[in-house]
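Visitor: Compute the structure for the input listed below.
(one chain, ligands or ions: 1)
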Amino acid sequence: MDLGIAGKWALVCGASKGLGFGCAQALAHEGVHVLLVARGADALNAAVDSLRADPLRPAAVQVESVAADITTEAGRAAVFAQRRDFDIIVTNAGGPPPGDFRDWDREAWIKAVDANMLTPIELIKASVDGMAARGFGRIVNITSSSVKAPIDILGLSNGARSGLTGFVAGVARTARLASANVTINNLLPGKFDTDRIAVTFEAAAKRTGKTVEEVRKTQAGMIPAQRLGTREEFGAACAFLCSQQASYITGQNLLTDGGAYPGTY
Ligand code: NAD
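Guide: Down below sits the predicted model:
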């Protein structure tokens, strides 16, 4: 299916690895120019090289990058200094650490809220009115299945991301944006095989005295698909939400979790 977005410009945050990279790659395959943001220059340069060398990337597709912390004002300013009018924005940053809520102080909470709630809101604020004026815009926020089915040790994530989810539910439904072909949706990963989940598995292994491999096997066995997801699968879902065909889908929370969420709704 031609997604009808070739030639658009996308900002993809947290894009040097994992799910962000999967989104950047899927968009590039669709002919979308991509600007990748991540903090570490080495991993970011490697990601850019790999996209430029990707045989499925149409030759006209430009790949740019900014090494910055997207959760800071300075980081966002650096991105918008390089390029301003994005058609597509994929918001993403590292998830907060797992732990026991008794150990989290105000600073830990502010850091989580900054990264996983306020940063996407700032990016939305900086871009949606321009998108509306141009008659096309797609925002996809990478959140987590923990928004629908909370995970006990990820309280910082459960809390901060729920705040973002509530905000998006309201703003996406404003006629000023929805009628101007600007959609805002959240993409909720279940368990995907990335560096991030490796950290979660290591924490669980420490807690339970099992090996990381045992934890991984047990966790995969609890998913109806009996495996972790791939970043390519996640990227494909993101690209569809960014497509022309998805213009009537807004304010939604799309789970991509191999059937793990146990509810009907
Ligand atoms: P990852 O650790 O594999 O990759 C994270 C990427 O974001 C890296 O490129 C990193 O450099 C970049 N990054 C982190 N903090 C940044 C910042 N402040 N500014 C700019 N770039 C930053 O993680 P992932 O598995 O791809 O997860 C992406 C998001 O999805 C995270 O928020 C994570 O908590 C969430 N999530 C992941 C899973 C999963 O199974 N992998 C499940 C639920 C939620």
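
Visitor: Report the central residue of the protein.
Guide: Centroid check for the chain by C-alpha atoms, centre = their mean gives Ile142 as the closest residue, at 2.7 Å.

Visitor: Could you report the pLDDT at that residue?
Guide: You'll see Ile142 listed with a pLDDT of 98.

Visitor: tell me which element Thr183 falls in.
Guide: Element membership for Thr183, per DSSP states H and E: strand 182-189.

Visitor: And the helices in the protein?
Guide: Listed in chain order, the helices of the chain (DSSP state H) span 18-29, 41-52, 73-82, 106-113, 119-134, 155-171, 175-178, 195-208, 212-221, 231-241.

Visitor: Of those, which is nearest the ligand?
Guide: Among the helices of the chain, the nearest to the ligand by C-beta to the nearest ligand atom is helix 18-29 (2.2 Å). Every residue, glycine included, has its C-beta placed from N, CA and C.

Visitor: buried stuff in the closest one?
Guide: Residues Gly18, Leu19, Gly20, Phe21, Gly22, Cys23, Ala24, Gln25, Ala26, Leu27, Ala28, His29 are the ones in helix 18-29 that count as buried (16 or more other C-beta atoms under 10 Å).

Visitor: Stretch 64-76 now?
Guide: Those would be Ser65, Val66, Ala67, Ala68, Asp69, Ile70, Thr71, Gly75, Arg76, for stretch 64-76 by 16+ other C-beta under 10 Å.

Visitor: Which residue is the nearest non-sequential neighbour of Ile153?
Guide: Excluding its sequence neighbours, the residue lying closest to Ile153 (C-beta to C-beta, 6 or more residues apart in numbering) is Pro98, at 4.1 Å.

Visitor: Many thanks, I have nothing further to ask.
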